[in-house]
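Asks: I would like the atomic coordinates for the input below:
(one chain, ligands or ions: 1)
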Amino acid sequence: MRIPCPYCGDRDSQEFVYRGDAAPVRPSDPAEETEFFDYVYLRENPAGPIDELWYHAQGCRNWITLTRDTRDHAISAARLTSEGKSA
Ligand SMILES: [Zn+2]
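Replies: Below is the predicted model:
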């Protein structure tokens, strides 16, 4: 799979570290135990486009948010995570 890093351009996915779904938000501190359990362990497994976090470990070392379709791995958007949702 090729990943379009916004900083480096198209790169092989082996240069990246996958960090999972970008949607979960850490609960505020102190959190209810069940709320924190859900944040740590429970994930959706949708068939379709989702936002994911990838770290370009062997490149620019930026965090990248990809919008990837889980059915066919088609990447429809890539942006630096530090730039937020709009890009
Ligand atoms: Zn990069």
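
Asks: what does stretch 70-79 rub up against?
Replies: Stretch 70-79 is contacted by residues 1, 3-6, 45-50, 64-69, 87 when judged by Cβ atoms under 8 Å, 6 or more residues apart in numbering. Using the backbone N, CA and C atoms, a C-beta is placed for each residue, glycine as well.

Asks: narrow those to those in strands?
Replies: Per DSSP state E, strands hold the following members of these: I3, P4, C5, P49, I50, I64, T65, L66, T67, R68, D69.

Asks: I figured the third one hits I64, correct?
Replies: Yes: under the criterion of Cβ atoms under 8 Å, C5 is in contact with I64, at a separation of 6.1 Å.

Asks: hey, what's in contact with both of these two?
Replies: With contacts taken as Cβ under 8 Å, 6+ apart, the residues that reach both C5 and I64 are H56, A78.

Asks: just the closest of the ones in strands among the contacts of stretch 70-79 to the ion, please.
Replies: C5 (3.3 Å; Cβ to the ion).

Asks: residues touching the closest one, list them.
Replies: Counting by Cβ under 8 Å, 6+ apart, C5 makes contact with R11, H56, G59, C60, N62, I64, A78.

Asks: could you pick out which of those residues are near the ion?
Replies: H56, G59, C60 (Cβ under 5 Å from the ion).

Asks: may I ask which of those has the most neighbours?
Replies: Counting by other Cβ atoms under 10 Å, H56 has the largest number of neighbours within the ones next to the ion among the contacts of C5, with 20 neighbours.

Asks: now the helices for the protein?
Replies: Taking DSSP state H, the helices of the chain run over residues 33-41.

Asks: so in it, where's the weakest helix or strand by average pLDDT?
Replies: The weakest-scoring helix or strand in the chain, judged by mean pLDDT, DSSP states H and E, is helix 33-41 (a mean of 90).

Asks: thank you, goodbye.
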